[in-house]
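1. okay, structure incoming, though there's no sequence with it:
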């Protein structure tokens, strides 16, 4: 099963979906596309995704969004719990796309990053 946390308004997210469909999913593996801004992830789901990515919660956050500045998320004293809460409340902050396969995940920026899940 391939799961893609997708923002259809993002060119990199669309490119990653296309790349998976045309290059990496020749076996027609079931694919679930989740538009995470319409179906926000819970803190528990974000923590699981974070573990699959193997990165810090800060690396999951888009620091170019207006909400990042408005919420003062650059404050290094914020706890992981506070950062997860910000992601849960403001899903636009989540890096995109995120692709999960076989218990591992990557951020598809650039889209070629997904190759690691299919090697």
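-> Everything's here; your move. None of the values given here were measured: they were computed from a predicted structure.

2. quick one: residue 52 is in a strand?
-> No: counting by DSSP: H, G, I helix; E, B strand; the rest coil, residue 52 is not found in a strand; it is helix.

3. could you find the closest non-adjacent residue to it?
-> residue 105 (3.8 Å; C-beta to C-beta, 6 or more residues apart in numbering). Every residue, glycine included, has its C-beta placed from N, CA and C.

4. surely the one you found meets residue 49?
-> Yes: counting by C-beta atoms under 8 Å, residue 105 sits close enough to residue 49 to count as a contact (6.1 Å).

5. name the residues contacting each of these two.
-> Jointly contacting residue 105 and residue 49 under the rule C-beta atoms under 8 Å, 6 or more residues apart in numbering are residue 98.

6. just say helix, strand or coil for the spatially closest residue to residue 42 that is not a sequence neighbour.
-> With C-beta to C-beta, 6+ apart as the criterion, residue 42 has its nearest non-adjacent residue at 6.2 Å, and that residue is residue 88. Three-state call for residue 88 (three-state DSSP): helix.

7. what's stretch 24-35 in contact with?
-> Counting by C-beta under 8 Å, 6+ apart, 1-8, 17, 20-21, 101, 114-115, 117-118 sit against stretch 24-35.

8. ranking by neighbours, what's the top pick from the residues you listed?
-> Counting neighbours by other C-beta atoms under 10 Å, residue 5 comes out on top of the contacts of stretch 24-35 with 26 neighbours.

9. where does that residue sit: helix, strand or coil?
-> Going by three-state DSSP: residue 5 is strand.

10. leaving out chain neighbours, which residue sits closest to it?
-> residue 98 (4.2 Å).
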